[in-house]
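Participant: structure here, sequence nowhere to be found:
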């Protein structure tokens with residue numbers, strides 16, 4: 001089954017009433033032939049002559065995939081969660097942060113759905129699942145004992161420069177670095193901005209259990225195993 005505009009409209013109206021208590025305004029529905037996503041929520045702002053921003057909301061779905069109806073519905077619900085958080089001014093710092101996950105888990109439990117963070121289809125035509133990729137992850141230990149994460153570009157010079165800057169912060173006790181493949185880090189911005197995201201230590205340990213530990217020695221970034229061998 002593929003997305004059609006009547007199916008999207010009917011599903012949106014049904015889920016808006018059943019799941020979201022009819023609180024969502026009707027957005028613009030659009031179809032795409034993209035193979036890089038199954039569903040996407042977009043917010044487009046436009047300023048008027050008085051400087052006020054008016055927002056148009058778009059739910060866009062790709063017709064490039066042949067999927068079971070339940071997966072199409074779960075994809076619509078996924079994008080409706082993004083929409084709900086946006087209009088309710090409850091956006092997370094990352095695309096699938098704690099507010100998104102809490103709402104997703106509640107809907108799945110209450111309505112027996114199977115919404116996921118990223119689309120993972122059993123359909124042979126689906127190419128939309130995001131592939132796991134390696135991340136350089138900085139783990140910051142703060143002086144109050146909390147842990148934070150930062151996903152950094154895979155460029156040694158930029159990692160070293162970020163490390164020098166972050167260690168000048170008065171509330172930072174230490175830093176550690178890892179090469180990690182876990183999907184946990186997929187939703188964090190990849191940049192050298194100074195913002196660090198505080199995370200639960202147990203979730204962080206789970207995400208790093210198969211990671212490769214890195215260490216800064218002089219002006220180079222090494223894997224710890226190579227240091228031990230040499």
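Facilitator: Looks like it arrived, so ask away. These numbers were taken from a predicted model, which means no experiment stands behind them.

Participant: list the contacts of the longest helix along the chain.
Facilitator: Secondary structure of the chain per DSSP state H: the longest helix is helix 69-87. For helix 69-87, contacts defined as Cβ atoms under 8 Å, 6 or more residues apart in numbering pick out 1, 3, 7-8, 11-12, 15-16, 19-20, 23-25, 27, 38-41, 43, 57, 59, 61, 67, 90-92, 95, 99-100, 103-104, 107, 113-116, 119, 121-123. Quick note: C-beta positions are derived from backbone N, CA and C, even for glycine.

Participant: show me the contacts for the residue nearest the centre of the chain.
Facilitator: Among the residues of the chain, the one closest to the centroid is residue 187, at 3.0 Å (Cα atoms, centre = their mean). By Cβ under 8 Å, 6+ apart, residue 187 lies in contact with 94, 95, 96, 97, 117.

Participant: for the fourth one, give me phi and psi.
Facilitator: Phi and psi for residue 97, reported as degrees, to the nearest 10, are phi -80, psi -160.

Participant: run a quick neighbour tally on it.
Facilitator: Neighbourhood size, residue 97 [other Cβ atoms under 10 Å]: 16.

Participant: again with the second one
Facilitator: A total of 15 residues lie near residue 95 under the criterion other Cβ under 10 Å.

Participant: then residue 33?
Facilitator: If you count neighbours by other Cβ under 10 Å, residue 33 ends up with 7.

Participant: any of the contacts of helix 69-87 buried? List them.
Facilitator: With burial judged by 16 or more other Cβ atoms under 10 Å, the buried subset of those is 3, 7-8, 11-12, 15-16, 19-20, 24, 27, 38-41, 57, 59, 61, 67, 99-100, 103-104, 107, 113, 115-116, 119, 121.

Participant: show me these that map onto strands.
Facilitator: Counted as lying in strands by DSSP state E, out of the buried ones among the contacts of helix 69-87, are 39, 40, 41, 57, 59, 61.

Participant: out of the residues you listed, which one sits closest to residue 47?
Facilitator: Using Cβ to Cβ, residue 57 comes nearest to residue 47 of these, at 16.5 Å.

Participant: for that closest one, which non-adjacent residue is spatially closest?
Facilitator: With Cβ to Cβ, 6 or more residues apart in numbering as the criterion, residue 57 has its nearest non-adjacent residue at 3.9 Å, and that residue is residue 27.

Participant: quick one, phi psi at that neighbour?
Facilitator: For residue 27, the backbone dihedrals (degrees, to the nearest 10) come out as phi -90, psi -180.

Participant: what sits against it?
Facilitator: If you count contacts by Cβ under 8 Å, 6+ apart, residue 27 has them with 12, 56, 57, 58, 59, 83.

Participant: the third one and residue 176: what is the separation?
Facilitator: Okay, so that is residue 57. 40 Å (Cβ to Cβ, to the nearest Å).
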